[in-house]
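Participant: Sequence and predicted structure, then a few things I'm wondering about:
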Amino acid sequence: MPTLTIDNRQVTVSPGTKVIDAAEKLGIMIPRFCFHPALGSVGACRVCAVTILEGPIKGVQMSCMLDTMDDMVVSTTHTDAVDFRRDVIEWLMANHPHDCPVCDEGGHCLLQDMTVSGGHGIRKFPGTKRTYTDQYLGPLIQHEMNRCIQCYRCTRFYREITGYEDLGVMGIGARVYFGRFQDGTLESPFAGNLTDLCPTGVFTDKPSRYTGRRWDYERFPSVCLSCSLGCIIRLPAPGTGRSSGRKPATARRSTATLSAIGDAMGLPMHRPRTGRVGPLWMENRSPWRTRCPMRRCG
């Protein structure tokens, strides 16, 4: 089992563990966009850069792609790594719209967090920002392609985990587009999870759009009644909130969306749309909804 040093702290991990996971074991959260424990590593976003001071490989490396090695010395605060991450954020913000006040992910956006923590405040690149045309993806998901940072989380989840192929990536280089070949409702019943996986605001929850910030809601454990499985869920409901000490103006989100407890309860992170938007789905008379007592046989 390799033993390495990260920011002057030693840790022993299992063979094959990535540096980003080893750092998290020490409580060190390395920035990331494309990396997700359930999706694996692709090294697309380049913001998880660290500096390897000692080991077979030295210099700036992507921590999500680099396996831990014995006697490796890693620094997450080295000037080279910090400057590299700052440059990546600056390049992303060169085309990212400044619509945080009206974006539903405002205050819950990884790019926003990285921009503020990295001290980026001035756009050095002249010219018009790159823009895209949004698509209609159904009544439950709002598509805002201009906010995309090309992390590939959406297509990796949609194709690798749900097994559907009507959502994909098109284009090449700096002009890639994440969407469908033509407008239409996403086919996967797990498509609503895109709103949780997206680190920015490309995919947001359409029924609860503009109804309140995430921190304005308290979440309570409950049980989904949309089918006979009885999955554990969290119900958002208006609460005191942390932002202003007052309740939000609307309670619509509490009746429109549900989300999985997921990792906190040791459950799969994905939730079907029948449970995520239960009341709306019930109004549409879902064929999957349990309408009479069920008995499990066998």
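Facilitator: Here it is on my side, so go on.
Participant: switch to C-alpha atoms for all contacts and neighbour counts from now on
Facilitator: Fine.
Participant: Backbone dihedrals for the closest residue to residue 47 other than its chain neighbours, please?
Facilitator: Residue nearest to residue 47 in three dimensions, not counting chain neighbours: residue 85, with 5.0 Å by Cα to Cα, 6 or more residues apart in numbering. Dihedral angles of residue 85 (phi, psi; degrees, to the nearest 10) stand at phi -60, psi -40.
Participant: For residue 85, give me its contacts.
Facilitator: By Cα atoms under 8 Å, 6 or more residues apart in numbering, the residues touching residue 85 are 46, 47, 48, 49.
Participant: Considering those, which possesses the most neighbours?
Facilitator: residue 49 (29 neighbours; other Cα atoms under 10 Å).
Participant: need the contact list for the closest residue to that one other than its chain neighbours.
Facilitator: Distance criterion Cα to Cα, 6+ apart; nearest residue to residue 49, sequence neighbours excluded, is residue 62 at 4.6 Å. Neighbour list for residue 62: 43, 46, 47, 48, 49, 50 [criterion: Cα under 8 Å, 6+ apart].
Participant: Determine which two of those residues are furthest apart.
Facilitator: By the measure Cα to Cα, 43 and 50 form the most distant pair in the contacts of residue 62, at 12.6 Å.
Participant: Looking at the two, which has the bigger crowd around it?
Facilitator: Between residue 43 and residue 50, residue 50 has the larger neighbour count (other Cα under 10 Å), namely 29 against 20.
Participant: surely that one meets residue 64?
Facilitator: No: Residue 50 lies out of contact with residue 64 (Cα atoms under 8 Å); the separation is 9.8 Å.
Participant: Pull up the gap between the residue nearest to residue 47 and residue 40, please.
Facilitator: Between residue 85 and residue 40 the distance is 20 Å, computed by Cα to Cα, to the nearest Å.
Participant: Likewise for residue 87?
Facilitator: 24 Å.
Participant: try residue 95
Facilitator: Residue 95 is 27 Å from residue 40, by Cα to Cα.
Participant: returning to that earlier point: and the pLDDT at the residue nearest to residue 47?
Facilitator: For residue 85, the pLDDT comes out at 93.
Participant: what's the answer for residue 234, then?
Facilitator: 76.
Participant: and it, helix, strand or coil?
Facilitator: Classification of residue 234 by DSSP: H, G, I helix; E, B strand; the rest coil places it in strand.
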